[in-house]
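> Predicted model, plus sequence, below.
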Amino acid sequence: ALKCGILSANKKQRKEKKMETKTEAQQYEIVRQTVTERKNSHISCMTGKQTKVIVDVPSGVALDYVALHNILNSELVMHINYNNGDYYTVDGILYLRNKLVRCPIGKIGKVVIPEGITEIKNSAFNMCKDITSIEFPNSLRQIGTHAFSYCFSLKSVDFGSGIEHIGVVNPEQKECLESGQDMFYGCRSLKEITIPEQVKSIGCKTFHCCGLRKINLPKGINEIGAYAFSGCENLKEISIPDSLLKNKNNKTISNIGLRYVEKVIVPELTDNILHAGILITNSFDSDIVEIVTPNDTYYLPRYLTETQFSKLTSSKIKSEDFLACKYSILPVIGDYATVKRYLYLLRNKRGASESVKEQIKKRWKNIIQFLSRGNDSETLLELIKTDIVTAEMLEYVLQKVKDVTLRAYIMEESSKKEKRSILNV
């Protein structure tokens, strides 16, 4: 009798468990049966067909966040309709009270976040590969980490007029790496960004590895976190406002990740800009960076040793006798920067110092070899037209240059110099 009772109890437990499982299965079946194609033909979420679908969760069906998360993380799902308790959807995107929780991975096109939303949660749009633009409400105050990472088709972002801090600023590089902001990581279609006037700071690694070619920073921004633009290989030019450069704390733009920038526009050359990540230590790449102010232009070798970098100051760069070769790992790159500065001064009818001229004359063979290898033919042509280049130098240039068009220009200039030499005699 005891054995029979145990078996009966076990049978009853199995039956109750089966009923519970069935109820849960039925709940999910309701969801699966209400998945529809955009053309309203019924298919199953689980068929594996690569068709964007809409999920309609019937009124009264309550799903926990795990279940909702599983639906939203399916590449098939472009839209979900759900309203139960604190969770609800607007335009197919899931919200929890005043927070945007998750966008369906399969979402397509433009996203407009409604007014009243104050926060975008971590990874809310992560892997949403087909959204093309997003518009923030003026009520927005906070954006989580990885919020838009891997949004490969995202082309434009309208930040609205409310948010003042985009990401978390942490001047300690190590801590910044550990925090892993990466808000727009991998958004390769995002070519241009305009940061609105009310924004005071941009956080660590915010635009890490984006496709940015241009970024417009507001005049009132006062801090940018480390590595904010690191890995942006197409970002060749940036304008940095006065509010960042004159802040006494040079960590306001410390190593913000401008390794690939070729031209930096600033209201004034200060020491702060030297710490912004445009200069790299202990690398041997042949590259220079142009720093443009309203009244002057400077050229620096990008790659320096730690010792050279520690000795470099804005006051030294502004000096008439500044020789960039003293601050370059590769002396010829320093010479190249010196030549660019020399030519700039000539174009603007400003005389170069004798020490600069002597440095070019001393190193002219190395300079010409470097330029003639195709590194900068325009600078080579401009240089050979100056009085600093003699007929002897031009003969040497002809021996090194193989390009037919370039040789023709050099021969023409050589002929002009010979005629001037005869007339002077």
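All right, it came through fine.

> where in the protein is pLDDT low?
Filtered on pLDDT under 70, the chain yields the residue ranges 1-50, 168-180, 247-252, 254, 281-286, 374-375, 420-425.

> Which parts of it are helices?
Along the chain, the segments classed as helices by DSSP state H run 2-33, 65-72, 173-179, 242-245, 271-274, 306-311, 314-318, 331-347, 354-362, 364-370, 377-384, 391-400, 404-424.

> what residues does the fourth one touch?
Taking CB atoms under 8 Å, 6 or more residues apart in numbering as the criterion, the residues outside helix 242-245 that touch it are 217, 219-224, 252-253, 266-268, 270, 272-273. Placement of C-beta: from N, CA and C, glycine included.

> one more time with 7 Å, if that's ok
Identification of contacts with helix 242-245 by CB atoms under 7 Å, 6 or more residues apart in numbering yields 219-222, 224, 252-253, 266-268, 270, 272-273.

> Check the gap between V77 and C103 for me.
As defined by CB to CB, to the nearest Å, V77 lies at a distance of 10 Å from C103.

> Comparing the two, which residue is more hemmed in?
Here V77 and C103 are set side by side on neighbour count (other CB atoms under 10 Å), and the busier one is C103, at 29 against 21.

> give me phi/psi at the more buried one?
Backbone torsions of C103, given as degrees, to the nearest 10, read phi -100, psi 140.

> Okay, it and S415: tell me how far apart.
Taking CB to CB as the criterion, C103 is separated from S415 by 67 Å.

> just the contacts of helix 242-245 now: which is nearest E237?
For E237, the closest of the contacts of helix 242-245 turns out to be V266, at 11.9 Å, with distances computed as CB to CB.

> Run a quick neighbour tally on the residue nearest to that closest one when sequence neighbours are not counted.
Setting aside the residues directly before and after it, V266 is nearest to I240 in space (CB to CB, 6 or more residues apart in numbering), at 5.2 Å. Counted with other CB under 10 Å, residues neighbouring I240 total 23.

> again with G277
Neighbour count for G277, taken as other CB under 10 Å: 21.

> I figured it was touching L258, is that so?
Yes. Look at G277 against L258 with CB atoms under 7 Å: they come within range, at 4.6 Å.

> Buried members of the contacts of helix 242-245 into PyMOL, please.
To isolate the buried subset of the contacts of helix 242-245 in PyMOL, counting by 16 or more other CB atoms under 10 Å, use the following:
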select buried, resi 221+222+224+252+253+266+267+270+272+273
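
> Make JSON lines from the contacts of helix 242-245 and add distance to D91 to it.
Below are those laid out as JSON lines (distance: CB to CB, whole Å):
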{"residue": "K219", "distance to D91": "34"}
{"residue": "G220", "distance to D91": "33"}
{"residue": "I221", "distance to D91": "31"}
{"residue": "N222", "distance to D91": "35"}
{"residue": "I224", "distance to D91": "32"}
{"residue": "T252", "distance to D91": "38"}
{"residue": "I253", "distance to D91": "38"}
{"residue": "V266", "distance to D91": "42"}
{"residue": "P267", "distance to D91": "42"}
{"residue": "E268", "distance to D91": "46"}
{"residue": "T270", "distance to D91": "46"}
{"residue": "N272", "distance to D91": "43"}
{"residue": "I273", "distance to D91": "43"}
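
> Which of the residues in stretch 389-400 are classified as buried?
Within stretch 389-400, the residues scored as buried using 16+ other CB under 10 Å are 389, 393-394, 396-397.

> May I have the residues that are in contact with the residue lying closest to V356 once chain neighbours are set aside?
Of all residues not flanking V356 in the chain, Y342 sits nearest, at 5.7 Å (CB to CB, 6+ apart). If you count contacts by CB under 7 Å, 6+ apart, Y342 has them with 352, 356, 360.

> gap between Y342 and I278?
With distances taken as CB to CB, Y342 is found 21 Å from I278.

> number of nearby residues for V404?
7.

> Ignore what I typed, I meant N98.
Taking other CB under 10 Å as the definition, N98 ends up with a neighbour count of 12.

> Kindly report the same for K52.
For K52, the neighbour count with other CB under 10 Å is 16.

> That one contacts H79, doesn't it?
No. Contact between K52 and H79 fails when scored by CB under 7 Å: they sit 8.3 Å apart.

> how many other residues sit next to S310?
There are 10 residues near S310, going by other CB under 10 Å.

> cool, and the one 4 residues further on?
By the other CB under 10 Å criterion, the neighbourhood of S314 contains 17 residues.

> check contacts around it.
Here S314 is in contact with 269-271, 274 (criterion: CB under 7 Å, 6+ apart).

> Next, count neighbours for R302.
Applying other CB under 10 Å, we find 22 residues neighbouring R302.

> Once you drop chain neighbours, what's closest to it?
Sequence neighbours aside, D287 is the residue nearest to R302 in space, at 4.5 Å (criterion: CB to CB, 6+ apart).
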